[in-house]
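# What follows is a protein structure lacking sequence information:
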């Protein structure tokens, strides 16, 4: 079954009486209940085409309506701001985003209390809340640390640090984005030391290993598979995280991706 995801998306918006404009083939500006939202169709389109399920597009529109129609005030929104890892070649539109590596960026997002819906934050949204972009970004950094409160790094493989695989026990959509938290070091250092190496092929998948780990090469196949098959791919890069920040030290070739 073939279908045009963009046409379905636009038809759903029109059916619900929503006005929109297009920045490009993937990024839409949509007016919902007094809010001007920047919406990226890429992930939903990938999932719909992969599963050959046009219902993915319908549910995507329902999520937009269900979240954006609540008009969160700043007191509520300030606790729901987080940085989210995204591919650097995403069509970010007017959203607030920062380059991390050649293939990874972080974008400021607003979630709901259950963290089931995510929208990218724009300067106009900050203006409606009566705060500056810097204030919103600062709150997101604090909230990112809060995601790690009470968590303990899960491990697999051997007893020696060189063959220990670390995993973040957090549900999507912010599992991979925990690397942006300053508290990330406190989570991983007692088990794996510091600095560490990280792979995050998609937003709900992240492995952490010691800088001297013997496991790195063996992670290649699973990293590429997750990157190629996920509806929310990020990167096949290997990232080194240290007190100096995040840097890419190599990558697994995403053959056929």
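The structure has been received and is ready for your questions. All of these numbers come straight from a predicted model, not from anything done at the bench. Numbers count the residues shown, from 1 in each chain.

# what's the spacing between the one helix or strand residue 209 maps to and its chain's center?
Here residue 209, judged by DSSP states H and E, is contained in strand 205-210. The chain centre lies 16 Å from the centre of strand 205-210; the measure is Cα atoms, centre = their mean, to the nearest Å.

# With stretch 178-188 instead?
The answer for stretch 178-188 is 16 Å, by Cα atoms, centre = their mean.

# Report the rounded mean pLDDT for it.
For stretch 178-188, mean pLDDT rounds to 97.

# Provide a list of residues in contact with the closest residue to residue 194 other than its chain neighbours.
Leaving out its chain neighbours, the residue that sits closest to residue 194 by Cβ to Cβ, 6 or more residues apart in numbering is residue 185, at 5.9 Å. Heads up, the C-betas are built off the backbone N, CA and C, glycines and all. By Cβ atoms under 8 Å, 6 or more residues apart in numbering, the contact list for residue 185 reads 194, 241, 243.

# For the last one, give me its contacts.
For residue 243, the contacting residues are 185, 194, 195, by Cβ under 8 Å, 6+ apart.

# give the contact list for residue 255.
Contacts of residue 255 by Cβ under 8 Å, 6+ apart are residue 224.

# any idea whether it is helix, strand or coil?
coil (DSSP: H, G, I helix; E, B strand; the rest coil).

# ok, now how distant is it from residue 89?
18 Å (Cβ to Cβ, to the nearest Å).

# repeat for residue 106
14 Å.

# What helix or strand is residue 185 located in?
Assessed by DSSP H and E, residue 185 sits inside helix 184-192.
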